[in-house]
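>>> quick one, fold the following:
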Amino acid sequence: MQFFATHRSLPFIKGETMLSARQNASCKSDQDLSILARRKSSRGLFRIAFKEDEMATLTQWHILKCLSKRKKGTKEIQEALQKAGISLTLRSVQRNLEKLSETFPITSDHKNPAGWKWADDCDLFDLPVMDISAALTLRLVEQHLLDMLPGSFVDTIHPYIRRAHKLLDEAAGQGVGEWPKRVARISRRQKLIPPEIEAEVMDAVFQSVLESRQLAVKYQRLGDSNPADRILHPQGLVFDEGVIYLVATAWGYKDVRQFALHRMVAANVLEQTANQVEGFSLEKYIAEGNFSFPRSDRDIRLKMRVGAWLGKYLEENRLSLDQQISKEGDGFLVEACVRDTAQLRWWILGLGTHVEVLGPVHLREAIWETIEKLYHTYAEGGDSCVKD
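Okay, here's the model as predicted:
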C-alpha cells in the first residue's frame, strides 16, 4: 500500500486524531485495523472512531482499485464494492468519487449517470511493483496475444505495457531484457495478407462473446452476392493465421458453425442472453478437426509410403499418438489414425512425389483423381502460360 505514504494530503486522512499516512500503510486487512486500533487506545469511543476512519480509507482504496482507463458508472462501481463486502448507496459512491478526484487524476464525463475513469494522460496507478519477469510476460502478450483481447481490455493494459517496455529498456544488454528480441514464432504456411475487419464489427463480436449475449449480423457467405441477416449465439472465438472466426449457433438451431468476421458487413450486440450449447467445448471442437474441413466425423487408418527425409521428419513430428513407422527400402512405411479432412489432403498433395497413399482406398482414389486433373490442367494449358 505504498501510495498511502507518497500521497501525503489524501482527502480521507483526518488531522492529528488519526494515524499518519505512513502508519496507515501497515494496515493490510480489517483484522489488522482492529488490532492496531486496540493497541492505540483502550478507550472504546476512540477505538470505534478509528475503525470507522480506517474503513473509509479502505472503501476509497477499493473505489480506486475499481477504476481503469475504461469508463465505469457508479452502479458498476457500487456492485464491485458489494462483492468486496462494502455496502454503499449510489450517492455515497458518487461523493467518494468526487472527493477522490480532488487528489487523484480521475475524471467524470458529467453525464447522468456519471461515468468515471483514470485520466487518459495519467501515469499508471497501482499498488504492486512490476518486476522484470512480469514485464517480460506483458511484452510477449503484446507481441503474440494482444489481438485476442477485447478492445476495452487492451485500453486497460496499455499503461502496464508501457511500464513493461520501460523496465525491459532499463535491462537492455541483460538476458531478460534481450529475450523478446531473441525469440520468434513462425508458420510454415504460405504467408497471406489477412482480410480487413470493420472495427465496429470486431468490437461487437468480442463484446457478445465476453458477455454471452446474442449478436445480430449481416453476413455475406463466400460466393454470395448479398449479405443475409442472422441472429447468432456465440460459443467462442478462434484465431487462425490472421483470420478470426466466431463459433456460434444461428437462430434457434443447435448445430455449431463458423462465421468469419471479415464477412460480417454489420454486427450489433442484443440484450438477450445467448443460448449455450450443452456440453460444448471449444477445445474439443477444434481437436475434432472442425477447422480442418472434415470429410467425415470418423478417423481413418492412414497408410503411406514416404521418402527418407519425410520419414525422418515424421519420426520427430508424429501424425498421431498411435503412429507406427518402419523402414522399407530407401524410405519408410507410415501408419496412423487421423481425421479425414481437406487439410490432410492438401498436406499430402503438397508433398508431391515424396509420399504415396496406400490406404484407405477411397483416399488413394481421391488423391489420384486430383493428380489426374492437375495433369490435364498443366498439359492443356501449356500454350497460355507466361514466359519468363
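
>>> gap between the two ends of stretch 277-291?
With CA to CA, to the nearest Å as the measure, stretch 277-291 spans 18 Å from end to end.

>>> ugh, wrong one, I meant stretch 246-255
Using CA to CA, one end of stretch 246-255 lies 14 Å from the other.

>>> equivalent analysis for stretch 217-227, please.
Termini of stretch 217-227 sit 9 Å apart (CA to CA).

>>> show me what counts as buried in that stretch.
For stretch 217-227, the neighbour count (16 or more other CB atoms under 10 Å) marks 217-220 as buried. Using the backbone N, CA and C atoms, a C-beta is placed for each residue, glycine as well.

>>> stretch 295-308 too?
Using 16+ other CB under 10 Å as the test for burial, stretch 295-308 gives 295, 300, 302-307.

>>> now do the helix or strand hosting residue 326: which elements does it pack against?
Taking DSSP states H and E as the definition, residue 326 sits inside strand 324-328. Contacts defined by 3 or more CB pairs under 8 Å, 6 or more residues apart in numbering; DSSP states H and E place strand 324-328 against helix 308-316, strand 331-341.

>>> out of these, nearest to residue 174?
Smallest distance to residue 174 across the helices and strands packed on strand 324-328 (CB to CB): 33.4 Å, for helix 308-316.

>>> pLDDT weak spots in the chain?
Counting by pLDDT under 70, the ranges of the chain that qualify are 1-55, 123-129, 382-388.

>>> ok, which stretches of it are helices?
For the chain, applying DSSP state H gives helices covering 3-6, 21-24, 30-40, 44-66, 74-83, 90-100, 132-144, 151-170, 175-182, 199-211, 282-287, 308-316, 342-350, 361-380.

>>> just the residues contacting stretch 350-365, thanks.
Residues from elsewhere that reach stretch 350-365, judged by CB atoms under 8 Å, 6 or more residues apart in numbering: 300-307, 309-310, 340, 345, 348, 367.

>>> what's around residue 309, how many residues?
11 (other CB atoms under 10 Å).

>>> what number of residues lie near the closest residue in space to it that isn't next to it in sequence?
Leaving aside its sequence neighbours, residue 309 sits nearest to residue 354 (CB to CB, 6 or more residues apart in numbering; 7.4 Å). Residues lying near residue 354 (other CB under 10 Å) number 17.

>>> repeat that for residue 114.
Counted by other CB under 10 Å, the residues lying close to residue 114 total 16.

>>> now tabulate the helices and strands packed on strand 324-328 in a markdown table and tack on distance to residue 210.
Converted to a markdown table, the helices and strands packed on strand 324-328 look like this (distance: least, CB to CB, whole Å):
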| stretch | distance to residue 210 |
| --- | --- |
| helix 308-316 | 39 |
| strand 331-341 | 30 |
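
>>> re earlier: just flag the most distant two among the buried residues of stretch 295-308.
Spatially, the most separated pair among the buried residues of stretch 295-308 is 295 and 307, at 25.6 Å (CB to CB).

>>> burial count for residue 56?
Residues near residue 56, counting by other CB under 10 Å, number 16.

>>> shift numbering so it begins at 538
Okay, using 538 as the starting number, the last item reads as residue 593.

>>> measure it to residue 615 for me?
16 Å (CB to CB, to the nearest Å).

>>> residue 596 now?
Distance from residue 596 to residue 615, by CB to CB: 11 Å.

>>> what sits in contact with each of these two?
With CB under 8 Å, 6+ apart as the test, residue 596 and residue 615 both reach residue 625.

>>> picking that back up, buried stuff in the strand holding residue 863?
For strand 861-865, the buried set under the neighbour-count rule, 16+ other CB under 10 Å, comprises residue 862.

>>> quick one: strands adjacent to that strand?
Paired strands of strand 861-865, with direction, are strand 868-878 (antiparallel) (DSSP bridges).

>>> what's in contact with the partner strand?
With contact meaning CB under 8 Å, 6+ apart, strand 868-878 is reached by 825-826, 829-833, 835-845, 847-848, 851, 855-857, 859-864, 881, 900.

>>> buried ones in that strand?
868-873, 875-878.

>>> so that strand versus helix 898-917, what angle?
With axes from the mean of the first three to the mean of the last three CA atoms, to 10 degrees as the basis, strand 868-878 and helix 898-917 are set at 100 degrees to each other.

>>> so strand 868-878 versus helix 845-853, what angle?
Here the directions of strand 868-878 and helix 845-853 differ by 60 degrees (the same axes, to 10 degrees).

>>> quick one: strand 868-878 to helix 879-887, angle?
If you take the same axes, to 10 degrees, strand 868-878 sits at 150 degrees to helix 879-887.

>>> and stretch 600-614, C-alpha only, in CSV?
This file holds the C-alpha atoms of stretch 600-614, laid out as CSV (Å, rounded to 0.1, in the frame of the first residue of the first chain):
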residue,chain,number,x,y,z
ILE,A,600,-13.0,2.5,-5.3
LEU,A,601,-9.6,3.4,-6.7
LYS,A,602,-9.0,-0.3,-7.5
CYS,A,603,-12.3,-0.4,-9.4
LEU,A,604,-11.3,2.3,-11.7
SER,A,605,-9.5,1.8,-15.0
LYS,A,606,-8.9,3.5,-18.3
ARG,A,607,-12.3,2.3,-19.3
LYS,A,608,-15.3,4.4,-18.2
LYS,A,609,-17.4,2.9,-15.4
GLY,A,610,-20.7,4.0,-14.0
THR,A,611,-21.4,4.5,-10.3
LYS,A,612,-23.7,1.5,-10.4
GLU,A,613,-20.9,-0.8,-11.7
ILE,A,614,-18.6,0.6,-9.0
